[in-house]
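>>> Curious how this folds, go ahead:
(one chain, ligands or ions: 1)
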Amino acid sequence: MGDKVTVPHIVKQKLQGEKITCLTAYDYSFARILDAAGVDILLVGDSVGCVFQGQPNTLPVTLDDMVYHTRAVVRGCKRALVVSDMPFLSYQVSKEHAIKNAGRLVQQGGAEAVKLEGGLPMQSTIEAIVRVGIPVMGHVGLTPQSIHRFGGYKVQGKEKNHREGILRDASAVQDAGAFAIVLEGMPMDLAAEITARLTIPTIGIGAGGQCDGQVLVINDMLGLFDDFTPKFVKRYANLKEITMHAVKSFIGEVRDGKFPAEEHAFR
Ligand code: KIV
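From the prediction side, this is the model:
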């Protein structure tokens, strides 16, 4: 296992042309596995609302939820950088509120950085959080907390003026002092242009292969969550099928009296 991943380490990876890997994690067991496998960043995403809580979107996730899941992930993580998502309404109300809430994720959750959605309108909020010493990861393009404004999970930046808006958003996030930025749900050439223009690393999801790194939701890539599967998700395993098979075996063996066997019992 390599050295502990830090914020400067992530920034250096872009300079060295080394791709950055990021996966979401919400609990201790998965955090341990992903960390031991060598992923660079564990993102405690507010996607926890969908894949863990079964909510229709990320909007109901609370700061208390994020602190709870961040704590669990931090306990399972030795090497990766732990970044925690700021949930809806935890940073939009005022800068003071945003600093306090980012501080809770760090102080009570143990996160090493926070992520928040939005570009130009969030510039001064990002600046304020960075100023108190908390590293911020930006997030532009398809920002799920704005799902109702977009009218669904739609690829952003297809039209010229919208594309220019996203370019401005990405620059504003960098100017505010963010150390990295997630580019979600946008045409691959737009993500490539942002990646070439910015000095901070871009981490793509549904944004093509030219980004400095890639992030996926762990439940999607392992085939654990199939309520809907976006086009950009690659399934690296089908844990739903494996789990189903294991659970059916357990049910059958208990019913047939095969489990527990001698070796599972105490004398
Ligand atoms: O909440 C999340 O999991 C995210 C990633 C999809 C980037 O924000």
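
>>> Can you pull the poorly scored residue ranges out of this protein?
For the chain, the stretches with pLDDT under 70 are 1.

>>> try it again with 80
Filtered on pLDDT under 80, the chain yields the residue ranges 1-2, 228.

>>> And what about Tyr91, helix, strand or coil?
Assigned with DSSP: H, G, I helix; E, B strand; the rest coil, Tyr91 falls in the coil class.

>>> give me the number of residues near Ser230?
Not quite, residue 230 is Pro, not Ser. 13 (other Cβ atoms under 10 Å). Every C-beta, even on glycine, is put in place using the N, C-alpha and C of the backbone.

>>> any idea how far it is from the ligand?
Separation of Pro230 from the ligand (Cβ to the nearest ligand atom, to the nearest Å) stands at 10 Å.

>>> Quick check: closest non-adjacent residue to that residue.
The shortest distance from Pro230 to any non-neighbouring residue, by Cβ to Cβ, 6 or more residues apart in numbering, is to Gly206 (6.3 Å).

>>> again, but for Met221
Per Cβ to Cβ, 6+ apart, closest to Met221 is Tyr236, 5.1 Å.

>>> Phi, psi for the one you found please.
Here is the backbone geometry of Tyr236 (degrees, to the nearest 10): phi -90, psi -10.

>>> any idea how far Gly223 is from it?
Plainly put, Tyr236 is 8 Å away from Gly223 if you go by Cβ to Cβ, to the nearest Å.

>>> which one of those two has more residues nearby?
Gly223 (18 against 12).

>>> Now do the same contact list for the more buried one.
With contact taken as Cβ atoms under 8 Å, 6 or more residues apart in numbering, Gly223 is in contact with 235, 237-241.

>>> Got the phi and psi for it?
phi 70, psi 30.

>>> hmm, back to that, looking at it, the residue nearest to Pro230 is touching Asp220, isn't it?
No - applying Cβ atoms under 8 Å, one finds Gly206 not in contact with Asp220, separated by 11.0 Å.

>>> Which residue comes closest to the residue of the chain found nearest the ligand once chain neighbours are left out?
Residue of the chain nearest the ligand, by Cβ to the nearest ligand atom: Gly45 (2.3 Å). Spatial nearest neighbour of Gly45, chain neighbours left out: Thr24 (4.2 Å); criterion: Cβ to Cβ, 6+ apart.
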